[in-house]
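S.K.: Got a sequence here, can you build the structure:
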Amino acid sequence: QVQLGESGGGLVQGGGSLRLSCAASGATFSSYCMGWFRQAPGKEREFVAAISWSGASTYYADSVKGRFTISRDNVKNTVYLQMNSLIPEDTAVYYCAADLDGPGYSAYEYDYWGQGTQVTVSS
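M.R.: Below is the predicted model of the structure:
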(Lines give C-alpha, C1' and ligand atoms only; values in the text may rest on other atoms or scores of the structure.)
Protein backbone atom coordinates (compact mmCIF):
# COMPACT_ATOMS: atom_id res chain seq x y z
CA GLN A 1 0.00 0.00 0.00
CA VAL A 2 1.27 3.48 -0.83
CA GLN A 3 0.55 6.75 0.94
CA LEU A 4 0.49 9.95 -1.11
CA GLY A 5 0.76 13.57 -0.04
CA GLU A 6 0.44 16.59 -2.35
CA SER A 7 1.96 20.03 -1.81
CA GLY A 8 2.64 23.18 -3.77
CA GLY A 9 -0.85 24.50 -4.35
CA GLY A 10 -1.81 28.10 -3.77
CA LEU A 11 -3.16 31.30 -5.28
CA VAL A 12 -1.58 32.56 -8.48
CA GLN A 13 -2.44 35.20 -11.07
CA GLY A 14 -3.46 34.18 -14.55
CA GLY A 15 -0.41 33.54 -16.70
CA GLY A 16 1.61 32.46 -13.70
CA SER A 17 3.14 29.11 -12.76
CA LEU A 18 2.99 26.59 -9.95
CA ARG A 19 4.77 23.33 -9.33
CA LEU A 20 2.88 20.62 -7.49
CA SER A 21 4.66 17.78 -5.75
CA CYS A 22 3.35 14.44 -4.57
CA ALA A 23 5.50 12.45 -2.17
CA ALA A 24 4.94 8.71 -1.86
CA SER A 25 5.75 6.37 0.99
CA GLY A 26 5.00 2.86 2.15
CA ALA A 27 5.66 0.97 -1.07
CA THR A 28 8.03 0.70 -4.00
CA PHE A 29 7.30 3.92 -5.83
CA SER A 30 8.64 2.74 -9.17
CA SER A 31 6.05 -0.06 -9.18
CA TYR A 32 3.28 2.50 -9.72
CA CYS A 33 2.24 4.61 -12.63
CA MET A 34 1.23 8.02 -11.37
CA GLY A 35 -1.49 10.41 -12.37
CA TRP A 36 -2.73 13.89 -11.60
CA PHE A 37 -6.44 14.65 -11.53
CA ARG A 38 -8.38 17.76 -10.60
CA GLN A 39 -11.86 18.56 -9.37
CA ALA A 40 -13.52 21.95 -9.53
CA PRO A 41 -16.59 22.79 -7.41
CA GLY A 42 -19.70 21.15 -8.81
CA LYS A 43 -17.74 19.19 -11.41
CA GLU A 44 -16.53 15.63 -11.73
CA ARG A 45 -12.94 14.70 -11.10
CA GLU A 46 -11.04 14.92 -14.39
CA PHE A 47 -7.80 13.54 -15.73
CA VAL A 48 -4.91 15.98 -16.07
CA ALA A 49 -1.75 13.97 -16.71
CA ALA A 50 -0.14 10.58 -16.16
CA ILE A 51 3.31 9.09 -16.28
CA SER A 52 4.60 5.56 -16.70
CA TRP A 53 6.63 3.60 -14.16
CA SER A 54 10.02 4.80 -15.42
CA GLY A 55 8.84 8.19 -16.61
CA ALA A 56 9.55 7.37 -20.25
CA SER A 57 5.92 7.91 -21.29
CA THR A 58 3.64 10.79 -20.40
CA TYR A 59 0.01 11.53 -21.17
CA TYR A 60 -1.98 14.77 -20.98
CA ALA A 61 -5.51 16.04 -21.20
CA ASP A 62 -6.01 18.25 -24.24
CA SER A 63 -6.88 21.17 -21.97
CA VAL A 64 -3.40 21.22 -20.41
CA LYS A 65 -1.22 19.94 -23.24
CA GLY A 66 1.66 22.33 -23.90
CA ARG A 67 1.17 24.12 -20.57
CA PHE A 68 1.62 21.37 -17.94
CA THR A 69 4.47 18.88 -17.57
CA ILE A 70 4.40 15.74 -15.44
CA SER A 71 7.66 14.19 -14.25
CA ARG A 72 8.85 11.83 -11.55
CA ASP A 73 11.94 11.12 -9.47
CA ASN A 74 12.05 7.47 -8.46
CA VAL A 75 14.92 8.14 -6.05
CA LYS A 76 12.99 10.85 -4.19
CA ASN A 77 9.69 8.91 -4.52
CA THR A 78 8.02 12.02 -5.86
CA VAL A 79 5.92 12.96 -8.85
CA TYR A 80 5.65 16.56 -10.03
CA LEU A 81 3.25 18.65 -12.05
CA GLN A 82 4.74 21.82 -13.49
CA MET A 83 1.90 24.14 -14.45
CA ASN A 84 2.65 27.15 -16.67
CA SER A 85 0.43 29.74 -18.35
CA LEU A 86 -2.27 29.12 -15.78
CA ILE A 87 -5.80 30.28 -16.52
CA PRO A 88 -8.80 30.67 -14.18
CA GLU A 89 -10.30 27.46 -15.62
CA ASP A 90 -7.40 25.57 -14.01
CA THR A 91 -8.79 26.40 -10.57
CA ALA A 92 -9.50 23.14 -8.74
CA VAL A 93 -8.33 20.76 -6.08
CA TYR A 94 -5.49 18.73 -7.59
CA TYR A 95 -4.99 15.10 -6.59
CA CYS A 96 -2.20 12.68 -7.30
CA ALA A 97 -2.97 9.00 -7.65
CA ALA A 98 -1.11 5.71 -8.04
CA ASP A 99 -1.95 2.81 -10.32
CA LEU A 100 -0.15 -0.54 -10.38
CA ASP A 101 -1.49 -1.61 -13.76
CA GLY A 102 -0.67 1.29 -16.05
CA PRO A 103 -1.07 5.02 -16.69
CA GLY A 104 -4.83 5.26 -17.14
CA TYR A 105 -7.08 8.16 -18.02
CA SER A 106 -9.94 7.23 -15.71
CA ALA A 107 -10.01 7.89 -11.99
CA TYR A 108 -11.53 4.44 -11.49
CA GLU A 109 -8.28 2.84 -12.64
CA TYR A 110 -6.25 4.29 -9.79
CA ASP A 111 -5.76 2.45 -6.53
CA TYR A 112 -4.45 5.10 -4.13
CA TRP A 113 -5.09 8.82 -3.75
CA GLY A 114 -3.65 11.79 -1.94
CA GLN A 115 -5.71 14.29 0.02
CA GLY A 116 -5.47 17.00 -2.64
CA THR A 117 -4.05 20.50 -2.83
CA GLN A 118 -6.00 23.61 -3.82
CA VAL A 119 -4.94 25.62 -6.86
CA THR A 120 -6.67 28.95 -7.42
CA VAL A 121 -5.95 31.08 -10.48
CA SER A 122 -7.17 34.67 -10.44
CA SER A 123 -8.07 36.59 -13.57
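
S.K.: Run through the bridge partners of the residue positioned nearest the centre of the chain.
M.R.: Taking Cα atoms, centre = their mean, the centroid of the chain lies closest to Trp36, which sits 2.4 Å from it. With DSSP bridges applied, Trp36 shows beta-bridge pairing to Ala49, Cys96.

S.K.: okay, it: pLDDT?
M.R.: Per-residue pLDDT puts Trp36 at 98.

S.K.: What of Ala27?
M.R.: 83.

S.K.: and it, that one's in a strand?
M.R.: No: counting by DSSP: H, G, I helix; E, B strand; the rest coil, Ala27 falls outside a strand, being coil.

S.K.: residue contacts, the residue nearest to the centre of the chain?
M.R.: The contact partners of Trp36, by Cβ atoms under 8 Å, 6 or more residues apart in numbering, come to 20, 22, 48-50, 70, 79, 81, 94-97. For glycine as for every other residue, the C-beta is placed from the backbone atoms N, C-alpha and C.

S.K.: what does Cys33 give?
M.R.: 50-53, 98-104.

S.K.: Tell me which of those residues fall in helices.
M.R.: The helices, defined by DSSP state H, take in nothing from these.

S.K.: Most neighbours among these, which one is it?
M.R.: Within those, Ala50 tops the neighbour count with 25 neighbours, counted by other Cβ atoms under 10 Å.

S.K.: so how far is stretch 81-96 off the chain centroid?
M.R.: 9 Å (Cα atoms, centre = their mean, to the nearest Å).

S.K.: So for that stretch, what gets flagged as buried?
M.R.: The neighbour-count check on stretch 81-96 (16 or more other Cβ atoms under 10 Å) flags 81, 83, 86, 90-96 as buried.

S.K.: Mind checking the pLDDT average for that stretch?
M.R.: Here the average pLDDT along stretch 81-96 is 98.

S.K.: ok so, going back, columns secondary structure and distance to Gly114 on top of the buried residues of stretch 81-96, output as JSON lines?
M.R.: Formatted as JSON lines, the buried residues of stretch 81-96 follow (DSSP: H, G, I helix; E, B strand; the rest coil; distance: Cβ to Cβ, whole Å):
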{"residue": "Leu81", "secondary structure": "strand", "distance to Gly114": "12"}
{"residue": "Met83", "secondary structure": "strand", "distance to Gly114": "16"}
{"residue": "Leu86", "secondary structure": "coil", "distance to Gly114": "20"}
{"residue": "Asp90", "secondary structure": "helix", "distance to Gly114": "18"}
{"residue": "Thr91", "secondary structure": "coil", "distance to Gly114": "18"}
{"residue": "Ala92", "secondary structure": "strand", "distance to Gly114": "14"}
{"residue": "Val93", "secondary structure": "strand", "distance to Gly114": "10"}
{"residue": "Tyr94", "secondary structure": "strand", "distance to Gly114": "9"}
{"residue": "Tyr95", "secondary structure": "strand", "distance to Gly114": "6"}
{"residue": "Cys96", "secondary structure": "strand", "distance to Gly114": "5"}
